[in-house]
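**Student:** heads up, no residue letters with this:
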């Protein structure tokens, strides 16, 4: 399953990138996120691996986040993994003018289990 989201943000690309690139801000767009643990590498850089912990509806779960590509401030590619799915995501930030950025998210869900397929 694939999807694409486009959102205009009324901030410069540099401001948007700075907010997006900070692990401390992740819970602002992922409200069930409770903790980010760097497992290997340098946070946000290609090859970095982090464990993301969530609590949702009284249930705790985690995802592994892998940074596969980074072209600051234009693009970052990530893969989220758990026992059920691999979820590659591409985040692109396109400057529309000095105070407006187009954020494009492309995501795919690759299900691993027969029940999820």
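**Tutor:** Done, it's in. Only a predicted model underlies this, so the values are computations on that prediction, with no experimental measurement involved.

**Student:** Any regions of the chain where pLDDT drops low?
**Tutor:** Counting by pLDDT under 70, the chain has low-confidence residues at 114-117.

**Student:** need the strands for it, in chain order.
**Tutor:** Here the chain has its strands, by DSSP state E, at 2-9, 33-40, 49-56, 59-71, 75-81, 85-97, 100-108, 110-111.

**Student:** tell me the most buried of those strands?
**Tutor:** strand 75-81 (a mean of 17; mean count of other CB atoms under 10 Å). Every residue, glycine included, has its C-beta placed from N, CA and C.

**Student:** other SSEs contacting it?
**Tutor:** strand 59-71, strand 85-97 (3 or more CB pairs under 8 Å, 6 or more residues apart in numbering; DSSP states H and E).

**Student:** Of all those strands, which one is nearest residue 20?
**Tutor:** strand 85-97 (7.1 Å; CB to CB).

**Student:** Give me the angle between that closest one and strand 2-9.
**Tutor:** Between strand 85-97 and strand 2-9, the angle comes out at 30 degrees (axes from the mean of the first three to the mean of the last three CA atoms, to 10 degrees).
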